[in-house]
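*Asks:* Fold the following.
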Amino acid sequence: EKQDLARRFSESYRRLKAQSNGNPPKEWADMHDSIVRYQNELEKLGIRDYQVPELKHEEDDTLGDTILRVMLVPFQIMVLLFVMALALVPGLLLNYPVGLMARFRAERRRKKALAESTVKIRGQDVILSEKVMFALLSCHPSGVFM
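*Replies:* Purely as a prediction, here's the structure:
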């Protein structure tokens, strides 16, 4: 059906062009230019012709609407940063003291392990294992039962 319509349109266009000695009417030339511009715009936007009716069309696009649309992304970023800052406060208050205590405990255990060993050079393994053990036992309630 679509091919038949295109074939009939092509035949009619050839007849019209033949009747007008190869020069179609000005209205047809204007319509052709308009269609070419429309297709180029669709190509630039990266959409197909059948997707146009699904797009949102705004009839009253004022300067205020444009400014609000431009400000929307920075506003959303600011809200996201604010929420992240709010979530950071309890995390710091609850976890920072545990981290400090784990650091001091791990350093004491490292010094003790270095004094007792003839093989250890820096004792980084002791620091890591002590920090992990301390954090698990002090922060997580099920760590007590391990």
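*Asks:* What is the neighbour count of the residue nearest to residue 48 when sequence neighbours are not counted?
*Replies:* Nearest non-adjacent residue to residue 48, counting by Cβ to Cβ, 6 or more residues apart in numbering: residue 42, 6.9 Å away. (Each C-beta comes from the backbone N, C-alpha and C, glycine too.) Residue 42: 14 surrounding residues under other Cβ atoms under 10 Å.
*Asks:* can you map out the helices along the chain?
*Replies:* Along the chain, counting by DSSP state H, helices occupy 2-19, 26-45, 63-116, 124-139.
*Asks:* for the third one, packing partners?
*Replies:* Helices and strands touching helix 63-116, by 3 or more Cβ pairs under 8 Å, 6 or more residues apart in numbering; DSSP states H and E, are helix 124-139.
*Asks:* buried set for the helix it packs on?
*Replies:* Residues of helix 124-139 classed as buried by neighbour count (16 or more other Cβ atoms under 10 Å): 126-127, 130-131, 133-135.
*Asks:* next one: stretch 66-75
*Replies:* Result for stretch 66-75 [16+ other Cβ under 10 Å]: no buried residues.
*Asks:* now the lowest-mean-pLDDT helix or strand in the chain against helix 26-45, angle please.
*Replies:* Sorting the helices and strands of the chain by mean pLDDT, DSSP states H and E puts helix 2-19 at the bottom, at a mean of 86. Between the axes of helix 2-19 and helix 26-45, defined by axes from the mean of the first three to the mean of the last three Cα atoms, to 10 degrees, the angle is 140 degrees.
*Asks:* Mind giving me the packing neighbours of helix 2-19?
*Replies:* In terms of contacts (3+ Cβ pairs under 8 Å, 6+ apart), helix 2-19 is packed against no helix or strand at all.
*Asks:* Could you list the residues in contact with that helix?
*Replies:* Under the contact criterion Cβ atoms under 8 Å, 6 or more residues apart in numbering, helix 2-19 has outside partners 23-25, 28.
*Asks:* Now do stretch 116-135, average pLDDT.
*Replies:* Mean pLDDT, stretch 116-135: 90.
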